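> Test case, fold it:
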Amino acid sequence: MAKGKDVRITITLECTGCNQDDRNKGLFGISRYTTQKNRRNTPMRLELKKFCPLCHGHTIHRELKK
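Now for the predicted structure:
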């Protein structure tokens, strides 16, 4: 079976546009997605362009620190 830590981990991606926009924080919240990544292939934090319903467009979503 698997030794040590799992290779694939579940991560949360958060919209960077909503973080910088103060007016969305109190009213609607922040757009977040969950996905998985391979720890060995991608040791750095993941950044993907995803659709944010609060910003009404595709923005960069960054991996949250756990």
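
> Where does residue 17 sit: helix, strand or coil?
Following DSSP: H, G, I helix; E, B strand; the rest coil, residue 17 is assigned to helix.

> Okay, it and residue 56: tell me how far apart.
According to C-beta to C-beta, to the nearest Å, residue 17 and residue 56 sit 10 Å apart. Every residue, glycine included, has its C-beta placed from N, CA and C.

> which of those two has more neighbours?
Remark: of residue 17 and residue 56, residue 17 carries more neighbours, 18 against 9, as counted by other C-beta atoms under 10 Å.

> Now the most centrally placed residue in the chain: phi and psi?
By C-alpha atoms, centre = their mean, the chain has its centre lying nearest to residue 13, at 0.7 Å. For residue 13, the backbone dihedrals (degrees, to the nearest 10) come out as phi -110, psi 130.

> Report the beta-bridge partners for residue 37.
residue 9 (DSSP bridges).

> Let's see the pLDDT reported for it.
At residue 37, the model reports a pLDDT of 94.

> Ok, residue 4 next?
63.

> what does residue 26 give?
54.

> quick revisit: do I have it right that the residue nearest to the centre of the chain meets residue 37?
No: counting by C-beta atoms under 8 Å, residue 13 stays clear of residue 37, with 9.9 Å between them.
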